[in-house]
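J.: Sharing a model prediction with you, sequence too.
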Amino acid sequence: MTSQALPISTTETTSSTTTTPTLTTLRTFLTRLFSSLRTTLSHRRPWLELVDRTAFSRPLSLSDATTRVRKNFSYFKINYLTILAIVLAFSLLSHPFSLLTLLSLVAAWLGLYTFRPSDQPLVVLGRTMSNREVLGILVLVTVIVVFLTSVGSLIITAVLVGVGIVCVHGAFRDPEDLFMDDQDTAGSTGLFSFIGGPSVGSNVIPLV
């Protein structure tokens with residue numbers, strides 16, 4: 001008497017196979033992101049040098065102030081960008097709804113475009129979405145969120161405040177004691193240079 005073979009479900013195996021590359025991609029992304037951050041921040045100037053009170057003086061003219069801002073930005077570039085990031089982060093943290101909206105938008109980009117496997121197109125209501133359509137929808141949603149909600153005005157205000165701080169500091173900080181050197185803070189593998197979109201594939205993942 002022969003025993004009847006029982007059917008074996010492959011759902012778990014397929015799910016595991018799909019999840020593993022995604023987790024690997026996410027892990028690689030985070031590793032490169034933190035590595036890029038460490039490399040970039042390693043080029044910042046000492047903060048005490050930035051706030052050295054003996055180096056502050058009133059600019060002689062608008063042209064002198066412009067020259068100072070340009071030289072100081074070249075020297076304190078990473079410090080200034082850090083200040084901008086701090087101002088932006090403080091503004092978002094003080095407005096939880098805008099922060100949640102922005103995080104949701106970022107999550108949509110990462111989940112539907114950046115980390116989506118290249119051989120697994122998106123399906124919405126039984127229709128396969130091409131990469132161009134997904135990108136177009138994400139861009140449209142981004143424009144709506146940024147320009148038709150408080151997120152856009154909050155980000156613009158924070159950036160303007162940060163730029164104002166940088167310009168005031170740059171105009172009054174005398175750069176004569178600074179020694180300029182060539183620093184490749186970004187390079188060909190700067191922040192987010194490794195972010196790319198998926199290519200068209202054959203397998204299909206339904207959107208739940």
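T.: Perfect, thanks for sending it.
J.: buried sites along stretch 100-107?
T.: Within stretch 100-107, the residues scored as buried using 16 or more other Cβ atoms under 10 Å are 101, 102, 105. (Each C-beta comes from the backbone N, C-alpha and C, glycine too.)
J.: Give me the contacts around that stretch.
T.: Stretch 100-107 is contacted from outside by 92, 141, 142, 145, 149, 151, using Cβ atoms under 8 Å, 6 or more residues apart in numbering.
J.: Drop anything exposed from those residues.
T.: The buried subset of these - by 16+ other Cβ under 10 Å - is 92, 145, 151.
J.: Which of those residues lies at the shortest distance from residue 113?
T.: Among the buried ones among the contacts of stretch 100-107, residue 145 lies closest to residue 113 (Cβ to Cβ), at 15.2 Å.
J.: Help me confirm that that closest one comes into contact with residue 154.
T.: No: between residue 145 and residue 154 there is no contact under Cβ atoms under 8 Å: 11.4 Å.
J.: The contacts of stretch 100-107 in helices, which ones?
T.: 92, 141, 142, 145, 151 (DSSP state H).
J.: just those now: which is nearest residue 42?
T.: Taking Cβ to Cβ as the measure, residue 42 sits nearest to residue 92 out of those, at 25.6 Å.
J.: ok, the closest one touching residue 86?
T.: No: between residue 92 and residue 86 there is no contact under Cβ under 8 Å: 11.0 Å.
J.: Now the strand or helix carrying residue 78: average pLDDT?
T.: Element membership for residue 78 (DSSP states H and E) is helix 77-93. What helix 77-93 shows for mean pLDDT is 93.
J.: got it, and stretch 145-153?
T.: Stretch 145-153 shows a mean pLDDT of 87.
J.: still on that earlier bit, can I get the ones in helices among the contacts of stretch 100-107 in CSV including distance to residue 166?
T.: Output for the ones in helices among the contacts of stretch 100-107, formatted as CSV (distance: Cβ to Cβ, whole Å):
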residue, distance to residue 166
92, 19
141, 31
142, 26
145, 26
151, 22
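J.: Could you point out which of those is nearest to residue 37?
T.: Nearest to residue 37 among these is residue 92, at 18.0 Å by Cβ to Cβ.
J.: any idea how far residue 82 is from that closest one?
T.: Computed as Cβ to Cβ, to the nearest Å, the residue 92 to residue 82 distance reads 16 Å.
J.: Could you do residue 68 as well?
T.: In this view, residue 68 and residue 82 are 20 Å apart by Cβ to Cβ.
J.: Between those two, which is the more surrounded one?
T.: Taking other Cβ atoms under 10 Å, residue 68 and residue 82 do not tie; residue 68 has more neighbours (22 against 17).
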